[in-house]
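Undergrad: sequence first, predicted coordinates after that:
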Amino acid sequence: MRLSLEGDSGGVRVRMRLDQHRRRWLAVRIILGILAFQGIAIGLWAVFAPHSWYTSFPGLFGMHWVGLDGPFNHHLAADVGAFFLALGAVSLFALFQGGGATAQAAGVGWSVMALPHLIYHLGHRPAEMGTASFVLSLIAAAALLVLGIALLIVTPRGPRVADPDPLEFRFPRRKISR
């Protein structure tokens, strides 16, 4: 709990801020921000430029993960983008709506998507993919699952308790005698 005092010659106002689970809510907001950014960025790229996404993803340091794993399919690439975009939108909603249930719903969505995604990558290494690129692709797939599960674990349960109304103390006026 944090207390703050505001006062003048007429009185004092005392505010109490409960700050329940402050660090946990900060962690939830950071995780939701990361997942929202990633989902929206990947989703927009794959929806609006599916061939570019297919041939270039992730696009860092010359790595190309998707194009090494089968022929291009416009419908499939755009659908994957829509799925990422949907998960990003749910994460963004949970980030700004601020409730525990919506944060956990985002965690469920990311976990359900990330687990089979990680299992696929663990069992399928394209022949043309280098070791460093393969390891990084596994880390990226595992990170989605870890962040989704973290939302389920870290998000505080129950409703947030509102801060109490401030207390005001008025000083009695003194009568000045002359």
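TA: All right, it came through fine.

Undergrad: check this protein for its longest helix and report it.
TA: Using DSSP state H to define each element, the chain has its longest helix at helix 22-48.

Undergrad: which elements pack onto that one?
TA: With contacts taken as 3 or more CB pairs under 8 Å, 6 or more residues apart in numbering; DSSP states H and E, helix 22-48 sits against helix 50-56, helix 74-97, helix 100-123, helix 131-154. Every residue, glycine included, has its C-beta placed from N, CA and C.

Undergrad: the inter-axis angle of that helix versus helix 100-123?
TA: On the basis of axes from the mean of the first three to the mean of the last three CA atoms, to 10 degrees, helix 22-48 is oriented at 60 degrees to helix 100-123.

Undergrad: got the contact list for the closest residue to residue 40 other than its chain neighbours?
TA: Take residue 40 and drop its neighbours on the chain: the residue closest to it by CB to CB, 6 or more residues apart in numbering is residue 88, 3.7 Å away. Residues in contact with residue 88 (CB atoms under 8 Å, 6 or more residues apart in numbering) are 35-43.

Undergrad: mean confidence (pLDDT) on the longest helix of the chain, please.
TA: For helix 22-48, the mean pLDDT works out to 94.

Undergrad: and the gap between the residue nearest to the spatial centre of the chain and residue 16?
TA: Central residue of the chain (CA atoms, centre = their mean): residue 32, 1.0 Å from the mean position. Applying CB to CB, to the nearest Å, the value for residue 32 to residue 16 is 27 Å.

Undergrad: are we agreed that residue 157 is in a strand?
TA: No - the assignment for residue 157, made by DSSP: H, G, I helix; E, B strand; the rest coil, is coil rather than a strand.

Undergrad: give the burial count for it, as a bare number.
TA: Here the count is done by other CB atoms under 10 Å, and residue 157 has 8 residues near it.

Undergrad: could I get the pLDDT score of the closest residue to it other than its chain neighbours?
TA: Nearest residue to residue 157, sequence neighbours excluded (CB to CB, 6+ apart): residue 100, at 6.5 Å. According to the prediction, residue 100 has pLDDT 89.

Undergrad: residue 100 reaches residue 153, doesn't it?
TA: No - look at residue 100 against residue 153 with CB atoms under 8 Å: they stay out of range, at 12.0 Å.

Undergrad: ok, these two, which is more surrounded?
TA: Neighbour count, other CB under 10 Å: between residue 100 and residue 153, residue 100 has more, with 19 against 10.

Undergrad: how far away is the more buried one from residue 21?
TA: For residue 100, the distance to residue 21 equals 9 Å [CB to CB].

Undergrad: mutual contacts of these two, please.
TA: residue 156.

Undergrad: if we can go back for a sec, any of the contacts of residue 88 buried? List them.
TA: 35-36, 38-40, 42-43 (16 or more other CB atoms under 10 Å).
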